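In: heads up, no residue letters with this:
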């Protein structure tokens, strides 16, 4: 009976050690922010799903994080403050968009660099932006026909003229 207790205690200790190591790994690798860097801003019409702490990426590689999202009371746009790692030079014609990690994934700020020679400095503002896409409105537009394909636009489909079809086929 003493052997069973020792084996059970050893097994329990190994399970707890494994759980503690997973917890330590998760805490060390989630919500990590880029140390240092410089701050930039961008204005968007919609930032649905983007939150403080979200990643900033170029070509899928994390280069920074979103620091704050506020409302610009003059333009009624969302003002996003974010940091970019030192050594990542963004040109003045860079663009920013709110992108998604798949259908159920979180949102992040995607940056595309431009071709200008001048770079944005600390406190710079990205002017070319694209807000987040609303999946529900896209589905609604497709279903209710504002896609330009004639589906569900409330108009009856055009009926072919039987006389013209018969004449075109050589029948009279």
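Out: Cool, the structure landed. All values derive from a computational prediction rather than experimental measurement. Residues are numbered from 1 along each chain as shown.

In: low-confidence bits of the chain, can you list those?
Out: Residue ranges of the chain with pLDDT under 70: 1-3, 26-35, 146-172.

In: could you identify the longest helix within it?
Out: As assigned by DSSP state H, the longest helix anywhere in the chain is helix 2-29.

In: chain center to that helix, what's the gap?
Out: Helix 2-29 sits 37 Å away from the centroid of its parent chain (Cα atoms, centre = their mean, to the nearest Å).

In: which elements pack onto it?
Out: Packing partners of helix 2-29 (3 or more Cβ pairs under 8 Å, 6 or more residues apart in numbering; DSSP states H and E): none among the helices and strands. Using the backbone N, CA and C atoms, a C-beta is placed for each residue, glycine as well.

In: any idea how far residue 109 is from residue 145?
Out: Shown here: residue 109 relative to residue 145, a distance of 33 Å by Cβ to Cβ, to the nearest Å.

In: more crowded one of those two?
Out: For residue 109 versus residue 145, the count of surrounding residues by other Cβ atoms under 10 Å is larger for residue 109: 25 against 15.

In: does that one touch residue 81 like I think?
Out: No: counting by Cβ atoms under 8 Å, residue 109 stays clear of residue 81, with 10.7 Å between them.

In: any shared contact partners between the two?
Out: Common neighbours of residue 109 and residue 81 (criterion: Cβ atoms under 8 Å, 6 or more residues apart in numbering): residue 66.

In: still on that earlier bit, downstream of the longest helix of the chain, the next helix or strand is which one?
Out: Following helix 2-29 in sequence order, the next helix or strand is strand 38-44 (DSSP states H and E).

In: neighbouring strands - and their directions - for that next one?
Out: Strand pairing for strand 38-44, determined by DSSP bridges: strand 77-84 (antiparallel), strand 125-126 (parallel).

In: check the offset of the helix or strand following that strand from the chain's centre.
Out: Following strand 38-44 in sequence order, the next helix or strand is strand 55-58 (DSSP H and E). Its chain's C-alpha centre and that of strand 55-58 lie 9 Å apart, by Cα atoms, centre = their mean.

In: strands paired with strand 55-58, and their directions?
Out: Strand 55-58 has its sheet partners listed here by DSSP bridges as strand 61-72 (antiparallel), strand 107-112 (parallel).
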